[in-house]
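> sequence and predicted model, in that order:
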Amino acid sequence: MKVRTVPEELQILRALNYRKLLSNKDKNKYINAEKGYEGECKFDEWLSPLISGKIVLNDLLLEYNNSIFQIDSLLLTTENIILFEVKNFEGDYYINGSEWYSMKGKVINNPLHQLHRNTVLLRGLLNESGLKLQIEPQLIFMNPLFQLYQAPIEPPIIFPNQLIRYRAILKKDRSFINDKMKKIAKHLLSLHLDKNPNSRSPKYHYNELQKGTICPSCHQMYRELTKTILVCGSCGGTEHYEPAILRTIADHQLLFPDKKITTDEIHQWSGKTVSKITIRKLLNKNFKQVKCGPSTYYEIRVQT
């Protein structure tokens with residue numbers, strides 16, 4: 001009922017990574033965000049054959065008791081809710097007491113604490129709405145190159161080498177989608193927040209960003225237009241100009257939502273890859289024109 005989409009924070013980090021040199025801190029944040037999203041997508045593929053008769057809600061951003069919390073995936077069965085916290089950790093880690101460490105001795109956030117927090121907040125949110133349901137929390141690791149040493153036996157952790165066995169357990173669940181679970185799912189969807197007020201994107205300015213139209217294969221800037229085809233001088237990839245420029249406009253809207261979309265603005269932002277006449281035609285075709293003459297700008301068409 002709620003599919004996974006690329007988080008806005010990751011979209012911004014991607015766009016900035018292609019157009020400027022990120023600081024080490026922001027670069028690490030970007031790499032971790034990409035790996036996290038990759039793990040969640042792998043989890044979706046793994047779960048997909050098992051969801052018959054169940055309801056799946058991905059990327060829920062909720063608030064309870066003035067606390068914002070994000071849930072990677074919820075699986076609603078006939079009897080309960082399985083709350084998945086998905087991790088894509090790679091490499092060797094170990095536990096000492098309640099602390100988690102990399103083999104280099106660096107302390108990392110304990111994902112069991114995050115799982116517990118999400119479970120408590122979700123239970124409180126449901127109870128507040130008069131919905132008392134059993135919540136089964138699961139911390140699931142998707143990367144086969146992950147290893148955790150000194151792991152306790154009791155915590156609800158599914159390791160990569162346990163995925164096949166856990167799949168068999170889920171297959172035995174003969175759930176069916178009933179009105180009660182549909183109602184709960186719709187209620188949770190109605191509480192979903194579109195934006196995370198705690199999200200912190202890197203600071204950036206228009207003038208410091210490289211202007212151009214980005215090749216989707218190698219993420220370098222297109223340099224050549226042959227008739228209607230853009231040719232990448234780096235990887236040799238080709239693409240019709242229209243989807244490429246539309247993607248460039250989408251980046252512009254993402255990074256600078258308050259800037260008006262005009263022919264001149266997009267011509268500059270796209271690195272003058274195509275002519276102003278071509279951009280004007282593309283804008284007229286795909287966007288709503290507002291005003292006329294030198295002050296003309298464009299907005300997204302509202303679908304009716």
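Okay, I see it.

> what's the worst-scoring helix or strand of the chain on mean pLDDT in contact with?
None of the helices or strands of the chain scores lower by mean pLDDT, DSSP states H and E than strand 224-226, at a mean of 86. For strand 224-226, contacts defined as Cβ atoms under 8 Å, 6 or more residues apart in numbering pick out 230, 231, 233, 241, 273, 274. C-beta: built from backbone N, CA, C; applies to glycine.

> what's the following helix or strand after it?
Remark: after strand 224-226, the chain's next helix or strand is strand 229-231, criterion DSSP states H and E.

> note down every partner strand of that following strand and its orientation.
Applying DSSP bridges, strand 229-231 is found paired with strand 224-226 (antiparallel), strand 238-240 (antiparallel).

> out of the ones you listed, flag the one nearest residue 86.
With Cβ to Cβ as the measure, strand 238-240 is the member of those nearest residue 86 (32.5 Å).

> right, and the helix or strand after that closest one?
Downstream of strand 238-240, the first helix or strand assigned by DSSP H and E is helix 241-255.

> helices or strands up against the helix or strand following that next one?
Later in the chain than helix 241-255, the nearest helix or strand by DSSP H and E is helix 263-269. With contacts taken as 3 or more Cβ pairs under 8 Å, 6 or more residues apart in numbering; DSSP states H and E, helix 263-269 sits against helix 241-255, helix 276-286.

> most packed of the ones you listed?
The highest mean neighbour count among these, using mean count of other Cβ atoms under 10 Å, belongs to helix 241-255: a mean of 18.

> now do it: everything it contacts.
Here helix 241-255 has contacts from 8, 11-12, 15-16, 204, 209, 213-214, 216, 222, 225, 228-230, 259, 261, 265-266, 269-270, 273-274, 278-279, 282, 286, 300, using Cβ under 8 Å, 6+ apart.

> and stretch 82-89, by the same measure?
By Cβ under 8 Å, 6+ apart, the list of residues contacting stretch 82-89 from outside reads 35-36, 38-40, 42-43, 71-75, 111, 114-115, 118-119, 122, 135-143, 146.

> one step back: among the strands paired with strand 229-231, which comes closest to residue 90?
Of all these, it is strand 238-240 that lies closest to residue 90, at 32.0 Å by Cβ to Cβ.

> any idea how far the closest one is from the chain center?
Its chain's average C-alpha position is 26 Å from that of strand 238-240, according to Cα atoms, centre = their mean, to the nearest Å.

> now do stretch 14-23
Taking mean C-alpha positions (Cα atoms, centre = their mean), stretch 14-23 and its chain are 17 Å apart.

> in that stretch, which residues are buried?
Across stretch 14-23, burial judged by 16 or more other Cβ atoms under 10 Å covers 14, 15, 16, 17, 18, 19, 22.

> what are the buried residues along stretch 118-131?
Neighbour counts using 16+ other Cβ under 10 Å place 118, 119, 120, 121, 122, 123, 125, 126 of stretch 118-131 among the buried residues.

> repeat that for stretch 204-217.
Of all the residues in stretch 204-217, those buried under the rule 16+ other Cβ under 10 Å are 204, 209, 211, 212, 213, 214, 215.

> would you list these in JSON lines and tack on distance to residue 194, pLDDT and secondary structure?
Putting the buried residues of stretch 204-217 into JSON lines (distance: Cβ to Cβ, whole Å; pLDDT from 0 to 100; DSSP: H, G, I helix; E, B strand; the rest coil) gives the following:
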{"residue": "204", "distance to residue 194": "22", "pLDDT": "94", "secondary structure": "coil"}
{"residue": "209", "distance to residue 194": "25", "pLDDT": "97", "secondary structure": "coil"}
{"residue": "211", "distance to residue 194": "29", "pLDDT": "96", "secondary structure": "coil"}
{"residue": "212", "distance to residue 194": "30", "pLDDT": "94", "secondary structure": "coil"}
{"residue": "213", "distance to residue 194": "29", "pLDDT": "95", "secondary structure": "coil"}
{"residue": "214", "distance to residue 194": "26", "pLDDT": "95", "secondary structure": "strand"}
{"residue": "215", "distance to residue 194": "31", "pLDDT": "94", "secondary structure": "coil"}
